[in-house]
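A.B. asks: Return atomic coordinates for the entry below.
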Amino acid sequence: MQKNKKINKISIITLVNDEFNYNRLKNSFLLHNEIVYLDFIPIDADGNNLNAATALNNGLSKSDAEWAILVHQDVIIPGGWLNIVLDELYNIDKEIIILGLVGVRENGSFVGHIKDPHGHFYWGSLPSQVISVDEHLIIVRKSAGVIFDENNPGFHCYGTDICLEARKKGFRSIVIDAPVLHLSGGNIDSSFITAADWLLNKWGKELNYIIPTCADLIYRIKFTNIHKLAFYKIKRRITSMKLFSTCNCKNIN
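C.D. replies: Numbers count the residues shown, from 1 in each chain. Reported below is the predicted structural model:
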């Protein structure tokens, strides 16, 4: 394993439509500012009528750092978090270009560590290779040149898509044990169905039309969109109850 060079700068890219939430996120990051220079890049996706993929690619194009942290505005970074992340980045293999905090292995099992409105959850063992990462926080090795597919409609499934793009190019994605506080528990709505159908059309043949994502297991079903939405919501609730009731929880320091 080749050790990475010292990291002097990290870009923090966030889609922003709520200044209060964004300032709270930024302030939680600034507690770590003496460790490494943090380059904050807010992007107004709504005001510029951009989908998530295009907006995040715009943020990446503005960054000149080796690593970028793409993080939701409703996240709070706990004390000591950046030191944990930097230790991981210094020591990971050069083939690893995507890091998440929660993800799904190719067999559909969850890995990760998070605290959100559903509770405080840990799925080990970590670090672990994954096929998908949750979008609340994604760390990208920018120099690898893997970007988001701007054909992806809306604001769902881009964490899965970029992991699959990375894999197609011979890179790997992992989940590390570096939990944050996410103030939203996520939501499946009609736009998720649109993105899920797009993801299936793009990657379905390669993955036998079964794609595990952090939101839900996506696969080919012959329903109307209304029935698809109800189906995914019910299935996600059942799956979440099973996962959340059996996980081994740890404390966020």
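A.B. asks: Low-confidence stretches in the stretch 51-200 of the chain?
C.D. replies: The stretch 51-200 of the chain contains residues with pLDDT under 70 at 187-189.
A.B. asks: Where do the strands of it begin and end?
C.D. replies: According to DSSP state E, counting those that start in this stretch, the stretch 51-200 of the chain carries its strands in the segments 67-71, 75-76, 96-100, 102-104, 110-116, 119-123, 128-129, 132-133, 137-141, 172-175, 181-182.
A.B. asks: Report the separation between the closest residue to Ser132 other than its chain neighbours and Leu60.
C.D. replies: Distance criterion CB to CB, 6 or more residues apart in numbering; nearest residue to Ser132, sequence neighbours excluded, is Thr160 at 4.0 Å. Quick note: C-beta positions are derived from backbone N, CA and C, even for glycine. Separation of Thr160 from Leu60 (CB to CB, to the nearest Å) stands at 18 Å.
A.B. asks: Compare the two (neighbour count), which wins?
C.D. replies: Counted by other CB atoms under 10 Å, Thr160 and Leu60 do not tie: Thr160 has more neighbours, with 29 against 21.
A.B. asks: residues touching that one, list them.
C.D. replies: For Thr160, the residues meeting the contact criterion (CB atoms under 8 Å, 6 or more residues apart in numbering) are 131-133, 199, 211, 213-214.
A.B. asks: how does it look with 7 Å?
C.D. replies: 132, 199, 211, 213 (CB atoms under 7 Å, 6 or more residues apart in numbering).
A.B. asks: quick one: which of those residues has the most company?
C.D. replies: Neighbour-wise, the contacts of Thr160 (other CB under 10 Å) top out at Ser132, 29 neighbours.
A.B. asks: That residue touches Thr213, doesn't it?
C.D. replies: Yes: using CB atoms under 7 Å, Ser132 is in contact with Thr213, at 4.9 Å.
A.B. asks: secondary structure element for Phe29?
C.D. replies: In this structure, Phe29 sits in helix 19-30 according to DSSP states H and E.
A.B. asks: and Ala68, how far is that from Asn83?
C.D. replies: Distance of Ala68 to Asn83, given as CB to CB: 18 Å.
A.B. asks: what do you get for Trp123?
C.D. replies: 23 Å.
A.B. asks: What of Asp177?
C.D. replies: Asp177 is 13 Å from Asn83, where distance means CB to CB.
A.B. asks: what about these two, which has more around it?
C.D. replies: Asp177 (17 against 13).
A.B. asks: quick one, what contacts the more buried one?
C.D. replies: Per CB under 7 Å, 6+ apart, neighbours of Asp177: 113, 126.
A.B. asks: Angles on the backbone of it, please.
C.D. replies: Note on Asp177: backbone dihedrals following degrees, to the nearest 10 are phi -90, psi 90.
A.B. asks: just checking, what packs against the helix holding Phe29?
C.D. replies: strand 9-15, strand 37-43, strand 75-76 (3 or more CB pairs under 7 Å, 6 or more residues apart in numbering; DSSP states H and E).
A.B. asks: Check which residues of that helix are buried.
C.D. replies: The neighbour-count check on helix 19-30 (16 or more other CB atoms under 10 Å) flags 21-22, 24-26, 28-29 as buried.
A.B. asks: Same check on stretch 147-164?
C.D. replies: 148-150, 152, 154-164.
A.B. asks: So for it, first residue to last residue, what's the gap.
C.D. replies: Stretch 147-164 has an end-to-end distance of 11 Å (criterion: CA to CA, to the nearest Å).
A.B. asks: follow-up on the earlier one: mutual contacts of Ser132 and Thr213, please.
C.D. replies: 104, 160.
A.B. asks: does Arg198 really touch Asn152, like I thought?
C.D. replies: To be clear, residue 198 is Trp; Arg isn't right here. Yes: look at Trp198 against Asn152 with CB under 7 Å: they come within range, at 6.0 Å.
A.B. asks: End to end on stretch 92-108, go ahead and measure it.
C.D. replies: 24 Å.
A.B. asks: these two touch, right, Ala144 and Glu95?
C.D. replies: No: the criterion here is CB under 7 Å, and Ala144 misses it with Glu95 at 9.1 Å.
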